[in-house]
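[1] Pasted the sequence and its predicted model underneath.
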Amino acid sequence: MNQPGSEPIPPLWEPKPLTVREESTAEVVSVYEVAPRDGLQAETVVLDTDLKTEFCERLWASGVSNLEVTSFVPPAWIPQLADAEDLAARLEIPDRNDSAVALVPNIRGLERAYAAGFRAVAAVASCTESFARANLNTNAPGTLARVCDIASAANSLGISVRGYLSMAFGDPWEGHVDPARVADLTATLYEAGCQQIALGDTIGTATPGHVRAVLRAATSAGVPTSALALHLHDTYGLALANVYSAMEEGITTFDASAGGLGRCPYAPGAAGNLATEDLVWLLDGLGVETGINLDDLVATSLWFSAQSGRPAPSRVVSAYAARLAV
Ligand code: MG
């Protein structure tokens, strides 16, 4: 068996997909890679900065063009990401800030990210009270106000802002989340200066018709589809069906995590993020361009899994690994 990630994996077949793509869906989709931040934040172990540095470099080399690198939270909150400044310096973020994003929890985090060279940030608001209190240390309106403050300050620095809306579909404590409420919150973030709003299916309960309902409510509230992204989890196995449904609604940005790293510690039983390899497999098969080389990305995830001891739950990575093992 080859050493994972040591050499290129032979393709299954020449990429000449016999495909019929819906003309209403995009020819190019933007993949927003979250593994170094969302994936590693959920880990119980603190990984070495050298390993994170190489992970990010390999993700960029695989063709990832939007990479959420780390989070500028107070180190005591999330020890796994306490090396944010060090990581940014090693990655020479000021020279590649067109493809790097940092999560920031507050204005102090924004200032730290700016000083480290980031020119794009993301911040999290919650659609539900329970998640806001369990995860974000305030109430739901408080999370919204915080993101609006960050957006205002960031825009005056010339920094772009992505607003996350967590629990935009279902909530483990409150159940179904009203699409009209999600639409209102989405419009508020858009009007506050967030260039992009990522609707989070944080516990992975969304289904394709529900996705349509939320997206249509958001666009009816005045938010263009070009400003919307989806952050999907695969708890019930419908993340890719939800992607396809959203593509038919005109959405062109999807979050994903290399190898499927990450889970939601606040949502018991929630599976990890949609795996980037699974998403790219779908999009390659549809003839939709992402700029990501799937073989290189799988090799990166196998390498990272071997180095970190963290399994890669992605089905596509598992299928490649099985081919390597025979
Ligand atoms: Mg996630």
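    Cool, the structure landed.

[2] interface residues of the stretch 101-250 of the chain facing the ion?
    For the stretch 101-250 of the chain, no residue is in contact with the ion (Cβ under 5 Å from the ion). In short, each C-beta sits where N, CA and C put it, glycine included.

[3] which residues of the stretch 101-250 of the chain fall in strands?
    With strands called from DSSP state E, counting those that start in this stretch, the stretch 101-250 of the chain shows them at 120-126, 160-166, 170-171, 175-176, 196-201, 228-232.

[4] Dump those strands to a markdown table, plus mean neighbour count.
    Shown next, in a markdown table, are these (neighbours: other Cβ atoms under 10 Å):
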| stretch | mean neighbour count |
| --- | --- |
| strand 120-126 | 26 |
| strand 160-166 | 25 |
| strand 170-171 | 22 |
| strand 175-176 | 10 |
| strand 196-201 | 26 |
| strand 228-232 | 25 |
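
[5] now the ones you listed as a markdown table including mean pLDDT?
    Shown next, in a markdown table, are the strands of the stretch 101-250 of the chain (pLDDT from 0 to 100):
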| stretch | mean pLDDT |
| --- | --- |
| strand 120-126 | 97 |
| strand 160-166 | 98 |
| strand 170-171 | 94 |
| strand 175-176 | 93 |
| strand 196-201 | 98 |
| strand 228-232 | 98 |
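
[6] Turn the ones you listed into TSV, columns for distance to residue 215.
    Formatted as TSV, the strands of the stretch 101-250 of the chain follow (distance: least, Cβ to Cβ, whole Å):
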stretch	distance to residue 215
strand 120-126	18
strand 160-166	12
strand 170-171	16
strand 175-176	16
strand 196-201	8
strand 228-232	7
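
[7] Could you give the number of residues near residue 34?
    Residue 34 is flanked by 28 other residues according to other Cβ atoms under 10 Å.

[8] Surely it is in contact with residue 260?
    No: look at residue 34 against residue 260 with Cβ atoms under 8 Å: they stay out of range, at 10.9 Å.

[9] and for these two, which residues touch both?
    Common contact partners of residue 34 and residue 260 (Cβ atoms under 8 Å, 6 or more residues apart in numbering): residue 273.

[10] What residues does the closest residue to residue 171 other than its chain neighbours make contact with?
    Nearest-residue entry for residue 171: residue 128, 4.3 Å, with adjacent residues in sequence omitted and distances by Cβ to Cβ, 6 or more residues apart in numbering. By Cβ under 8 Å, 6+ apart, the contact set of residue 128 is 140, 166, 167, 171, 173, 174, 177.
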